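Participant: here is my input; please provide its structure:
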Amino acid sequence: QVQLVESGGGLVQAGGSLRLSCATSGRTFSDYVMTWFRQAPGKDFEFVGGISISRNSDATSYADSVKGRFTIARDNARNTVFLQMNNLQPEDTAIYYCAAAEAVYRLKETGSYPYWGQGAQVTVSS
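Facilitator: Coordinates of the predicted model:
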């Protein structure tokens, strides 16, 4: 089994920054995809960004709405993936989820991911 544990949410003013962490434990993979989704109140899940991790290289992909403001990175030693969020805006307010899979065909679809974190609330005030 794979467990994902998130941390780092909170309340921040517009223009501020937060960093979310997603720590992986249990069965680990050498190659996998870790993706961040978010869900605002009353709305569907929205793809935020993802990182494809392999022994040779990593590749990241971001939603247009966060490109240039959000960055995904990983710490191999701690089996942790981070979502650094800068210049946050009120429309970024949502519960953020990390999700993982060994391989995905549709990066931006929630159904592609069997493993999920518990969610972290991010609230941005204007």
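
Participant: low-confidence ranges, this structure, go.
Facilitator: In the predicted model, the chain carries no residue with pLDDT under 70.

Participant: ramachandran angles for the most centrally placed residue in it?
Facilitator: With distances taken as CA atoms, centre = their mean, the chain has W36 as the residue nearest its mean C-alpha position (2.5 Å). W36 has phi and psi values of phi -110, psi 130 when expressed as degrees, to the nearest 10.

Participant: hang on, isn't it packed against A73?
Facilitator: No. Between W36 and A73 there is no contact under CB atoms under 8 Å: 11.8 Å. Placement of C-beta: from N, CA and C, glycine included.

Participant: and the residue nearest to the centre of the chain, bridged to which residues?
Facilitator: On DSSP bridges, the residues paired with W36 through beta bridges are G49, C98.

Participant: distance of it relative to A94?
Facilitator: Look at W36 and A94: by CB to CB, to the nearest Å, they are 10 Å apart.

Participant: can you give me the strands in the chain?
Facilitator: According to DSSP state E, the chain carries its strands in the segments 2-7, 10-13, 18-26, 32-39, 45-53, 58-62, 70-75, 80-85, 94-101, 115-116, 120-125.

Participant: with distance to E109 added, can I get those in CSV?
Facilitator: CSV is the format used below for these (distance: least, CB to CB, whole Å):
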stretch, distance to E109
strand 2-7, 18
strand 10-13, 28
strand 18-26, 18
strand 32-39, 10
strand 45-53, 8
strand 58-62, 13
strand 70-75, 18
strand 80-85, 19
strand 94-101, 10
strand 115-116, 13
strand 120-125, 21
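
Participant: any idea which of those gets closest to K108?
Facilitator: Relative to K108, the nearest member of the strands of the chain by CB to CB is strand 45-53, separated by 3.9 Å.

Participant: check the offset of stretch 46-65 from the chain's centre.
Facilitator: 9 Å (CA atoms, centre = their mean, to the nearest Å).
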